[in-house]
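In: This is the structure alone, sequence omitted:
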Ligand code: ADP
Ligand code: MG
């Protein structure tokens, strides 16, 4: 062993995944897609299965000071379903593994599972197994989701090509702004427990943070309209970071337009109130769990009138780079700050 010590933050989360991936050799022909997309893809004869997993830690991914246990359970399922959706697949099964410290009672576990069951109902998935163990510090939840699709329906991150149209669903930045409000109210409460948190006015943004909904509705609509995105991923780390992923995987560039970026009014107003730049929230806020995808121009007509799909820009050649055209018409280099865990 060399004596060199490299801090994980020097290479970052994505750098670490790339580093781990260097030593991975896929042996089985049924492993169609391994590391590097929202979910892995496995050959299942006449169709393919997708499989994805996410790990949520108390104190890192959720704070029980303001996140009710049923919401944590729902969100833990939704974030996995979102990665299945990001492959253009339909979720079918999940496994749920939990680690619990003795702070948690059976009633608390029931509250967590009430949210998990509600999500299973909402997304039409079956809970088929898991694992349970003790934890030294707080609650840990790991969920794995399995989905299905036809092989030619799968949307990878690497299929975008020049002149494709970049699309984003819903609105962005709300989950980050909601988190800032929840953190602020928590500090107010800690300083003075008699103060009742004033959250009514922030209902939309706090819900975006506490109870995100994976966009399976969009996946079903794309099917009905007979549109297969040329590339797709979900927006979990921030729009700019996800555009970088699609550009890197597809070896393309992208131009997006500030005036096309979708932002909800409450998100905008709350960002301003918090002294945050709303566009920065849209570009770099995490956890919105909307979909980012590209379509061939021939499919534009089919989606043109969709109220919740926004055409935010287009794909260019790799050498043209990645740009944001501001409202005043200036092109500025897009920066991907992403959501940093390290
Ligand atoms: P997402 O944000 O869509 O959940 P991630 O950024 O977590 O995706 O992961 C990107 C890719 O890296 C996925 O293919 C995932 O399975 C893989 N990955 C993440 N962590 C590890 C790990 N520790 N070992 C192997 N593969 C990993
Ligand atoms: Mg994803």
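Out: Received it, and whenever you're ready, just let me know what you need. What you see is a predicted model, and the numbers here were worked out from it, not measured in a lab. Ligands and ions are numbered 1, 2, ... in the order given.

In: give me the residue from the stretch 151-300 of the chain nearest ligand 2.
Out: Residue of the stretch 151-300 of the chain nearest ligand 2, by C-beta to the ion: residue 234 (4.3 Å). Backbone N, C-alpha and C define where each C-beta goes, glycine included.

In: could you point out which element follows the host helix or strand of that residue?
Out: When elements are defined using DSSP states H and E, residue 234 is found to belong to strand 231-235. Moving toward the C-terminus from strand 231-235, the first helix or strand encountered (DSSP H and E) is helix 239-250.

In: Between strand 231-235 and that next one, find me the angle.
Out: Taking axes from the mean of the first three to the mean of the last three C-alpha atoms, to 10 degrees, helix 239-250 and strand 231-235 form an angle of 150 degrees between their directions.

In: Which strands or helices does helix 239-250 pack on?
Out: In terms of contact count using 3 or more C-beta pairs under 8 Å, 6 or more residues apart in numbering; DSSP states H and E, helix 239-250 is assigned the packing partners strand 231-235, strand 252-257, helix 278-284, strand 290-295, strand 322-325.

In: now with 6 Å?
Out: strand 231-235, helix 278-284 (3 or more C-beta pairs under 6 Å, 6 or more residues apart in numbering; DSSP states H and E).

In: Quick one, which of these gets closest to ligand 1.
Out: strand 231-235 (6.3 Å; C-beta to the nearest ligand atom).

In: between the closest one and strand 252-257, how big is the angle?
Out: Compare the direction of strand 231-235 with that of strand 252-257 by the same axes, to 10 degrees and you get 60 degrees.

In: what about whichever residue of the stretch 101-250 of the chain sits closest to ligand 1, distance to residue 61?
Out: Using C-beta to the nearest ligand atom, the closest approach of the stretch 101-250 of the chain to ligand 1 is made by residue 236 at 4.7 Å. Computed with C-beta to C-beta, to the nearest Å, the distance linking residue 236 and residue 61 is 11 Å.

In: again with residue 86
Out: Here residue 86 is placed at a distance of 18 Å from residue 61 (C-beta to C-beta).

In: Neighbour count: the two, which is higher?
Out: Using other C-beta atoms under 10 Å, the more surrounded residue of residue 86 and residue 61 is residue 86, with 30 against 18.

In: From what I see, that one and residue 234 are in contact.
Out: Yes. With contact defined as C-beta atoms under 6 Å, residue 86 counts as touching residue 234 (4.0 Å).

In: sorry, back to before: tell me which of the helices and strands packed on helix 239-250 is the most buried.
Out: strand 231-235 (a mean of 26; mean count of other C-beta atoms under 10 Å).

In: Next one, pLDDT for residue 271 please.
Out: In the predicted model, residue 271 carries a pLDDT score of 97.

In: who's in contact with the helix or strand that contains it?
Out: With the criterion set as DSSP H and E, the secondary-structure element containing residue 271 is helix 265-273. The contact list for helix 265-273, computed with C-beta atoms under 6 Å, 6 or more residues apart in numbering, reads 173-174, 177, 204-205, 278, 281.

In: Next up, phi/psi of residue 50, please.
Out: Dihedral pair for residue 50: phi -110, psi 150, per degrees, to the nearest 10.

In: So residue 93 belongs to a strand, correct?
Out: Yes. Residue 93: assigned to a strand according to DSSP: H, G, I helix; E, B strand; the rest coil.

In: quick revisit: now do the helix holding residue 271: distance to the chain's middle.
Out: 21 Å (C-alpha atoms, centre = their mean, to the nearest Å).
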